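Asks: Just the structure for this:
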Amino acid sequence: MKCLSRVVTVGMALILFTVVFSCAPANLYTITMSYLPSETSVPEIRKGDQSITVAGFIDGRHIDDTMLLGTVIHSNGTSIPVLPKYRRAAEVVTDGIKTCISAQGYSLSLQNPSWDLKRDSIDPGWGNLLIGGSIDRLEVICRKDNIKKTYQTEVTLTIVFADVHGKRIIRTMEATATSSLTHIRFSEGLMGEQISETLTQAIRQVCADGKTIREMMEKVKN
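Replies: Next up is the predicted model:
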């Protein structure tokens with residue numbers, strides 16, 4: 001009987017621990033952020049000897065920890081950080097730019113160099129057209145009121161195009177996108193969807209119309 005009593009006591013303790021732990025407030029949220037490719041068909045690959053190299057993007061946000069993707073603000077004023085579940089922001093942006101350009105029919109070099117966005121540091125082995133940039137702003141903020149949850153996202157990217165052989169900057173442009181959503185439900189999944197959609201809008205300003213990359217390629221030819 002003593003053994004049975006001990007088992008029951010331990011079992012009750014485990015149940016109580018589980019209940020308390022599951023009800024404890026979260027001190028961290030993690031989300032999945034990604035570029036969302038278009039569902040339209042991919043055009044035929046353009047032929048030619050020109051190659052495009054996309055350098056790894058620089059996370060230039062003025063924050064203490066660039067792992068941070070956002071904040072959840074509870075009704076009592078407490079703030080909980082939001083971090084990436086898998087990949088850092090700079091990696092997601094770089095891959096997103098590559099995916100967007102590839103969807104326009106351009107082939108990319110296999111190189112993924114680090115570039116400080118200065119003309120003097122351009123390597124002659126980086127193909128013909130070099131694309132790099134920085135993340136200036138990227139965040140999702142969720143305000144959790146008692147009933148409604150408001151999601152606000154903002155993305156600002158600086159994109160730099162360079163002529164590799166001419167070692168010159170062709171163009172610098174800014175791509176920005178914002179979005180907001182009011183919902184009765186809160187979830188890490190919704191935060192991930194919101195920031196992914198906003199990031200995708202910003203990236204598509206760079207290449208999805210096909211015009212920008214085409215103009216940059218023409219400048220390299222000249």
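Asks: For residue 114, grab the count of nearby residues.
Replies: The number of residues packed near residue 114 is 9, by other Cβ atoms under 10 Å. In short, each C-beta sits where N, CA and C put it, glycine included.
Asks: ok, the closest residue to it other than its chain neighbours - contacts?
Replies: Spatially, and ignoring its direct neighbours in sequence, residue 114 is nearest to residue 56 (5.5 Å; Cβ to Cβ, 6 or more residues apart in numbering). Listed by Cβ atoms under 8 Å, 6 or more residues apart in numbering, the contact set of residue 56 reads 90, 91, 94, 112, 113, 114, 115, 132.
Asks: mind listing the helices for this structure?
Replies: Secondary structure of the chain by DSSP state H: the helices cover 2-23, 89-102, 188-207, 211-221.
Asks: Mean pLDDT lowest where, among those?
Replies: Mean pLDDT is lowest for helix 2-23 among the helices of the chain, at a mean of 43.
Asks: Across the sheet, point out what pairs with the residue lying closest to residue 173 once chain neighbours are set aside.
Replies: In this structure, residue 173 finds its nearest non-sequential neighbour in residue 159, 5.1 Å apart by Cβ to Cβ, 6+ apart. Residues in a beta bridge with residue 159, per DSSP bridges, are residue 133, residue 173.
Asks: Now do residue 159 against residue 213, distance only.
Replies: According to Cβ to Cβ, to the nearest Å, residue 159 and residue 213 sit 11 Å apart.
Asks: which residues touch residue 97?
Replies: Taking Cβ under 8 Å, 6+ apart, we find residue 97 in contact with 54, 57, 131, 133, 159, 203, 206, 207.
Asks: out of the contacts of residue 56, who's nearest residue 35?
Replies: Nearest to residue 35 among the contacts of residue 56 is residue 94, at 9.8 Å by Cβ to Cβ.
Asks: and the closest one, how many residues sit next to it?
Replies: Counted with other Cβ under 10 Å, residue 94 comes out at 23.
Asks: Contacts only, for it.
Replies: By Cβ under 8 Å, 6+ apart, the contact set of residue 94 is 54, 55, 56, 57, 112.
Asks: again, 6 Å this time
Replies: Contacts were defined as Cβ atoms under 6 Å, 6 or more residues apart in numbering; by that measure residue 94 touches 56, 57.
Asks: Tell me the spacing between it and residue 59.
Replies: 10 Å.
Asks: now swap in residue 87 and tell me
Replies: Note on residue 87: its distance to residue 59, by Cβ to Cβ, is 12 Å.
Asks: Tell me which of the two has more neighbours.
Replies: Counted by other Cβ under 10 Å, residue 87 and residue 59 do not tie: residue 59 has more neighbours, with 17 against 14.
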